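**Q** build me a structure from this.
(one chain, ligands or ions: 1)
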Amino acid sequence: MDTINLPLFEPSLEHSFSGVVKSLRFCKALKFKEITLSSISKVLYAIQGCTGTSHWTTLRAIPSAGATYPLKIYVSLYSRDTGSGFYEYKSSRGKLVFIKPGKEKQTKMFIHAIFSRTTRYYGSRGERYVLMEVGHALQNSLLESSVLNIDMSYELNIEEINRELKEGGKPLAVIELGECIEKPAFEHRNRKYEGISIGLRHVKLPELSLEKAILKRRSVRKYSSRKLSLEELTYVIYYSFGRLWNDHRPYAPPLNVYYLNMFLVAGEVDGLDSGIYFYNDEKNELVLLKKGDFRKKLYDAALRQEWILKAPVNILLAGGGVDKQYLDVETGMIGQNIYLAATSIGLGTVAIGAFYDEEVADVIGVDEQPLYIMPIGRL
Ligand SMILES: Cc1cc2nc3c(=O)[nH]c(=O)nc-3n(C[C@H](O)[C@H](O)[C@H](O)COP(=O)(O)O)c2cc1C
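**A** Take a look at the predicted model:
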């Protein structure tokens, strides 16, 4: 067993983001299926592959708070012919480095984190960010596996967080790839809000393939002043959070329960009055909570990050009712969908985790934990 050079990621499959999220291949239990190295390489790339550079570091397929990249990925490869090996994924070099013979008889990926890479800059809030990044990684893995016709399950170990990488420490998440033998059931336990409602129609818009969107995704903080259309906004919220998969949302939440809600702080969307809205995924409708333009208040509550003020609309994710670590992971999953949905139709967004929690909750007027603000705008 030796170092394995992985093939370059070629976005060869044409499946659109909106098509893939309707047929996610998430499973509760799997049996062995031989998976090619090129498929494994694509899933790894979606989790942590290098897709760009900034002036000081390489950027990855998933976002990372302050580009601190705390996640470390290990892989157990198994084939009936060659047996099992345990490798470290070196994303910047596109390699798998052999560590030891493996024990697993399935293809598995292990997500560990070096928390201090992020907490050094963000203190205890950095722990939240790391778990959000685990959510982003799991979602990209599920999307890419689904395109490749591979079933996926995952397990989380986040009650007892293994904060630094140490011998024998548990991974935060274990992804397993194979063939499905049992599908899970999902439950909705998010809060509901009543009010005047606006039903959403979704239209087909020209879009990128999922693989191209994964490659192209970047955080965008400058938007043109042109208004967003209600159709574009609907595309982003419906395909990232709507009920489009057997009455389920397009991701597989921890504990198989949906705890998160989506709100909008709308300012300049054609066909939608300025206001704060709750997105009712059950009915695909917006429920008006407060009329008026609240972007300035949201911007003030979020360290005056200008992109909040300038974007025609901001999505806010918030939740409650379960240990916060689970909310963090669910947030990352939805956040990844929002990034990819926006990228697919040529819009820009950025995940914002830095804000005053109580003040943001007060702007929205709900008693839930705010987790991400994601401005959406035109490039
Ligand atoms: C958990 C988390 C929190 C983040 N918080 C902020 C934020 O408060 N403000 C901001 O402008 N960007 C924020 N970002 C975006 C990162 O700065 C960005 O992902 C990183 O610079 C890498 O660039 P890329 O997303 O273009 O790959 C956050 C990203 C994550 C994953």
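**Q** any bit of the longest helix along the chain sitting next to the ligand?
**A** Among all segments of the chain classified by DSSP state H, the helix with the greatest residue count is helix 125-147. Yes - where contact is defined by CB under 6 Å from any ligand atom, part of helix 125-147 touches the ligand, namely 129, 132-133. In short, each C-beta sits where N, CA and C put it, glycine included.
**Q** what's the next secondary structure element after that helix?
**A** Where DSSP states H and E defines the elements, the next helix or strand beyond helix 125-147 is strand 151-156.
**Q** tell me which residues of stretch 110-117 are tucked away?
**A** When neighbours are counted by 16 or more other CB atoms under 10 Å, the buried residues of stretch 110-117 are found to be 110-115, 117.
**Q** now the longest helix of the chain: mean pLDDT?
**A** Helix 125-147 comes out with an average pLDDT of 97.
**Q** likewise for stretch 171-188?
**A** In this model, stretch 171-188 has a mean pLDDT of 96.
**Q** and stretch 93-101, by the same measure?
**A** Model confidence over stretch 93-101, given as mean pLDDT, is 93.
**Q** residues making contact with the helix or strand harbouring residue 85?
**A** Residue 85 belongs to strand 83-90 when assigned by DSSP H and E. Residues outside strand 83-90 that contact it (CB atoms under 8 Å, 6 or more residues apart in numbering) are 1, 4, 44, 47-48, 72-78, 95-105, 109.
**Q** keep only those of those that are in helices.
**A** 44, 47-48.
**Q** which one of these has the most neighbours?
**A** residue 48 (26 neighbours; other CB atoms under 10 Å).
**Q** which positions in this structure make contact with the ligand?
**A** 59, 63-67, 129, 132-133, 218-219, 221, 305, 350-354.
**Q** now intersect the residues you listed with the helices, please.
**A** The subset of those that ends up in helices is 129, 132-133, with DSSP H as the criterion.
**Q** from residue 224, how far off is the residue nearest the centre of the chain?
**A** Geometric centre of the chain, nearest residue: residue 336, 2.6 Å, by CA atoms, centre = their mean. For residue 336, the distance to residue 224 equals 24 Å [CB to CB, to the nearest Å].
**Q** do the same with residue 242
**A** 26 Å.
**Q** can you check residue 57 too?
**A** Residue 57 sits 27 Å away from residue 224 when distances are taken as CB to CB.
**Q** so these two - more neighbours on which side?
**A** In this view residue 57 and residue 224 are compared by other CB under 10 Å, and residue 57 has more residues nearby, 14 against 11.
**Q** so what's that one scoring on pLDDT?
**A** Reading off the confidence values, residue 57 has pLDDT 90.
**Q** what's next to stretch 4-21, contact-wise?
**A** So stretch 4-21 is contacted by 37-38, 41-42, 44-45, 49, 87, 94-96, 98, 143, 146-148, 207-215, 235, 239-240, 244-245, 250, 337, 340-341, 344 (CB under 8 Å, 6+ apart).
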